[in-house]
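Asker: pasting the structure only:
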């Protein structure tokens, strides 16, 4: 399993596990019945992090250790994945509840799923289209979350006043703010719960098919047009990581499979690009509201979403062509 935590940049890397020794290894082995405990290499302070447990009989389990205060949210995400699994969605199954380790930390246990991140094959994108259609069908049966200030207009307006964006991105932001009514109509059309975090590190593949969707914490409070999730996939799996010709081919494989199994999400001319622009601008506005420019992680995230805005200007014709071929531009 190559489940990844929040990562800088656009290209997740599989975990490397090393044997864990000492008191925490003994405590985790006792809590799980494992004969060996390995911890993924990362910078989080013990015991927080990701683990691989091996038991007698060759059974392997995946584990997350989190602060007790984070347990309620993660448990709710696991309950959601259990409902999606019952609907035939490929997800990672978790044990019910969690295991207390000490007064401050808890352990969540998951089935081990063999898989890898996207390798850029047409067959993977076709499988992802069909799998995302099943995911959306499973989420559609749930009660949509309250929107609240889902569009985050106040943060976007504050970002515009700050003048923190370079020229081209600033122009995109100001133009976007003038289209407020149309954007609200687009993004709130046919609202339902969505995943809203479909980056390369949150989908595993094996044998050309989707092995599992990961990380449903965003889905606990995300409601909107399913087009938002489609824009995630086209941006992260196609246009950001491949040349334009290959990106269009992969995008076609994905959309044709998705629309073969799901209703066409409401769209307007330019809707895919608008979803991508909205997500990037909102991310930059959120970062600007919590300035930590001296940290490597903050700067990496700022540069990532700034890059997306720059790249987006070169994808317009390709995205427009995909809309005309698959998404019935003009809305409905």
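Answerer: Now that the structure is in, tell me what you want to look at. Predicted model only: the values in this text are computed from it and were never measured.

Asker: for the record, mean pLDDT for stretch 316-332?
Answerer: For stretch 316-332, the mean per-residue pLDDT is 83.

Asker: Provide the contact partners of it at residue level.
Answerer: Here stretch 316-332 makes contact (C-beta atoms under 8 Å, 6 or more residues apart in numbering) with 186, 189, 227, 234, 239, 244, 247-248, 251-252, 255-256, 259, 264-273. The C-beta positions use only the backbone N, C-alpha and C, and glycine is treated the same way.

Asker: List the buried residues for it?
Answerer: 318, 319, 320, 322, 323, 326, 327, 329 (16 or more other C-beta atoms under 10 Å).

Asker: Okay, and which of the residues you listed map to helices?
Answerer: 318, 319, 320, 322 (DSSP state H).

Asker: mind listing the helices for the stretch 51-200 of the chain?
Answerer: Assigned by DSSP state H, counting those that start in this stretch, the helices in the stretch 51-200 of the chain fall at 71-86, 122-140, 153-162, 167-178, 180-187.

Asker: for these, which one ends up most surrounded?
Answerer: helix 122-140 (a mean of 21; mean count of other C-beta atoms under 10 Å).

Asker: tell me which strands and helices that one is in contact with?
Answerer: On a contact count with 3 or more C-beta pairs under 8 Å, 6 or more residues apart in numbering; DSSP states H and E, helix 122-140 meets helix 71-86, strand 192-193, strand 203-206, strand 209-213, helix 227-233, helix 244-259.

Asker: got any ranges where the chain has weak pLDDT?
Answerer: 1-9, 43, 145-151, 329-332 (pLDDT under 70).

Asker: Where do the domain boundaries of it fall?
Answerer: 17-111, 122-327 (automatic domain parsing).

Asker: Nearest to residue 11, out of the ones you listed?
Answerer: domain 122-327 (6.8 Å; C-beta to C-beta).

Asker: Quick one: end-to-end distance for that closest one.
Answerer: Domain 122-327 has its terminal residues 20 Å apart, counting by C-alpha to C-alpha, to the nearest Å.

Asker: How about stretch 253-267?
Answerer: End-to-end distance (C-alpha to C-alpha), stretch 253-267: 19 Å.

Asker: Among the ones in helices among the buried residues of stretch 316-332, which one sits closest to residue 161?
Answerer: For these, the nearest to residue 161 is residue 319 (29.4 Å; C-beta to C-beta).

Asker: ok, the most centrally placed residue in the chain - contacts?
Answerer: By C-alpha atoms, centre = their mean, the chain has its centre lying nearest to residue 197, at 2.0 Å. Residues near residue 197 by C-beta under 8 Å, 6+ apart: 215, 217, 218, 219, 232.
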